[in-house]
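Q: Build me a structure from this.
(one chain, ligands or ions: 1)
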Amino acid sequence: MQAVVLVGGEGTRLRPLTYGTPKPMVPIVGVPYLARTMERLFEAGIREVILAAGYMPQAIVDYFGDGSRLDMEITYAIEQEPLGTAGALKNVEQHLTGPFFVLNGDVLTSLDLTAMMAFHRQAGGLGVLHLIRVEDPSAFGCVVRGADGRIGRFVEKPPQGSEPTDEVNAGTYLLEPEVLQAIPAGRNVSIERETFPQLLAAGKPLYAYVTQDYWIDLGRPEHYLAAHRDILSGAMPLRLEPGLTGAVAQAKHHSVRLFAPVHLDPDVQIEPGAEIGPNVVLGRGCRIGAGAVLRDCVLWEDVVVEAGALIEEAIVASRTRIGRGSVIGRGSVIGHDVEVEAGSIVAPGARLGPGTPLPIP
Ligand code: GTP
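A: Numbering: from 1, shown residues only. Below is the predicted model:
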């Protein structure tokens, strides 16, 4: 079985993080998200992966190469112009030899791909879509199905209160090659909005695979932080790199107040009197000054937090420096290589890119 992972999006909602790092390379507890996806594919016995990329592809190629390090075979298809979620599949048609998985490159889920393959073999049809139940379906693509799982219609982002179902498209598909015939070549095509509805209109059977798995779309900063909280609490099972948690970190960093859960790379330095946690992830090379307070935040690599700074509910990308005594408001997202001057008050929800603070869309 082959898999196509869609990793071509610009990740605008994660800006400014995605100015320096394409979304699939954004770290999830220190490991690029796409590496975690590769691990899931490997565990399901999939060795041939096609990465449909477009935005900042070099960072992806540099990290994964031809896949041999992972015992996998990776083919890259780099789009000059974004082809959309179906156009990206049409673009790799020549590499596909049979039924294949399609994975949105920004969904974190505990979905069992092997079980989904078994479901497809049993259900038949042109493809299977993973569905998940959510509390507010109005923000998603609703998928209406019959008791036998056969999909009846798609309703994209219905107004609140008029949702036909709480089951939504969770961004993992298992498709037969015949689906590719329904996608026009050479232009941007959306699989959710065009291809799937067209297949239904033509009477082609698609089936829903509904599970209760952990599932979150990492594409928004608040979801990214929520995913980290869920990983640290164990709600989302994920194998973590060796790191310091709770008591171990306490032993290494004397006179640091730690509130579990936390995950600290072994290569972090924390000065006395700092207060870390709960729900804090510190990447390799981070340095935290005396008396700094960090809660509910994810700091990537080589972030320097000077003495007495306060960071709450925020994401800070690599090599950024938070000056002495600064206060980073809740919901802030700070990009790579930013210098936050000592004593700054960063407003809640701010998005700061490199150089001067920018209003970022
Ligand atoms: P936003 O700009 O924040 O909406 O993020 P995004 O550009 O990643 O878009 P979205 O989250 O809707 O995309 C869902 C998935 O499809 C992500 O994994 C994207 O990388 C991927 N994707 C979206 N558009 C394209 C495209 O034109 N080509 C390819 N290859 N992948 C795409």
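Q: show me where pLDDT drops low in this structure?
A: By pLDDT under 70, the weakly predicted segments of the chain are 355-361.
Q: what comes up buried for the top strand by length along it?
A: The longest strand of the chain (DSSP state E) is strand 167-175. By neighbour count, and taking 16 or more other C-beta atoms under 10 Å as the criterion, the buried residues in strand 167-175 are E167, V168, N169, A170, G171, T172, Y173, L174, L175. For every residue, glycine as well, the C-beta is placed using N, CA and C.
Q: want to try a markdown table for the residues you listed, with distance to the ligand as columns?
A: A markdown table is the format used below for the buried residues of strand 167-175 (distance: C-beta to the nearest ligand atom, whole Å):
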| residue | distance to the ligand |
| --- | --- |
| E167 | 19 |
| V168 | 13 |
| N169 | 11 |
| A170 | 12 |
| G171 | 7 |
| T172 | 11 |
| Y173 | 12 |
| L174 | 17 |
| L175 | 15 |
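Q: and which of those is nearest G285?
A: When the buried residues of strand 167-175 are compared for distance to G285, the smallest value, 32.7 Å, is given by G171; criterion: C-beta to C-beta.
Q: how far away is the closest one from I191?
A: In this view, G171 and I191 are 10 Å apart by C-beta to C-beta, to the nearest Å.
Q: Stretch 222-239 near the ligand anywhere?
A: No. Applying C-beta under 6 Å from any ligand atom, one finds stretch 222-239 separated from the ligand by no less than 10.8 Å.
Q: ok now that stretch, how far from the chain's centre?
A: Its chain's C-alpha centre lies 11 Å from the corresponding centre of stretch 222-239 when counted by C-alpha atoms, centre = their mean, to the nearest Å.
Q: ok, residues contacting that stretch?
A: Under the criterion C-beta atoms under 8 Å, 6 or more residues apart in numbering, residues 14, 26, 28-29, 36, 39, 108, 110, 214, 216-218, 240, 261-263, 278-279, 281, 296-298, 313, 315, 331 lie in contact with stretch 222-239.
Q: From the residues you listed, which land in strands?
A: Secondary structure assignment by DSSP E places I28, L108, I216, D217, V262, H263, V281, D296, C297, V298, E313, I315 of the contacts of stretch 222-239 in strands.
Q: For burial, what's the neighbour tally of the third one?
A: By the criterion of other C-beta atoms under 10 Å, I216 has 18 neighbours.
Q: before we move on, the earlier item: the longest strand of the chain - contacts with which helices or strands?
A: strand 100-104, strand 107-109, helix 113-123, strand 127-133, strand 141-145 (3 or more C-beta pairs under 8 Å, 6 or more residues apart in numbering; DSSP states H and E).
Q: mind putting the buried residues of strand 167-175 in TSV, distance to G141 included?
A: As requested, the buried residues of strand 167-175 are exported to TSV (distance: C-beta to C-beta, whole Å):
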residue	distance to G141
E167	10
V168	6
N169	4
A170	9
G171	9
T172	13
Y173	12
L174	17
L175	16
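Q: returning to what we had before: pull out the buried residues from the contacts of stretch 222-239.
A: 14, 26, 28-29, 36, 108, 214, 216-218, 261-263, 279, 281, 296-298, 313, 315, 331.
Q: Name the residues of the lengthiest helix in the chain that are buried.
A: Longest helix in the chain, counting residues (DSSP state H): helix 221-233. Within helix 221-233, the residues that qualify as buried are P221, H223, Y224, L225, A226, A227, H228, R229, D230, I231, L232, counting by 16+ other C-beta under 10 Å.
Q: cool, and stretch 276-293?
A: 276-277, 279-289, 291-293.
Q: now the longest strand of the chain and strand 100-104, what's the angle there?
A: In this structure, strand 167-175 runs at an angle of 140 degrees to strand 100-104, with axes from the mean of the first three to the mean of the last three C-alpha atoms, to 10 degrees as the basis.
Q: And the contacts of the strand or helix carrying V49?
A: Counting by DSSP states H and E, the element that carries V49 is strand 48-53. Counting by C-beta under 8 Å, 6+ apart, strand 48-53 makes contact with 1-8, 22, 34, 38, 41, 60, 64, 67, 72-79, 83, 88-89, 91-92, 95-96, all of which sit outside it.
Q: now, which of those residues lie close to the ligand?
A: Restricting the contacts of strand 48-53 to those touching the ligand (C-beta under 6 Å from any ligand atom) yields L6, V7, G8, E79, L83, A88.
Q: and of the residues you listed, the nearest to the ligand?
A: For the ligand, the nearest member of these is G8. The distance, counting by C-beta to the nearest ligand atom, is 2.5 Å.
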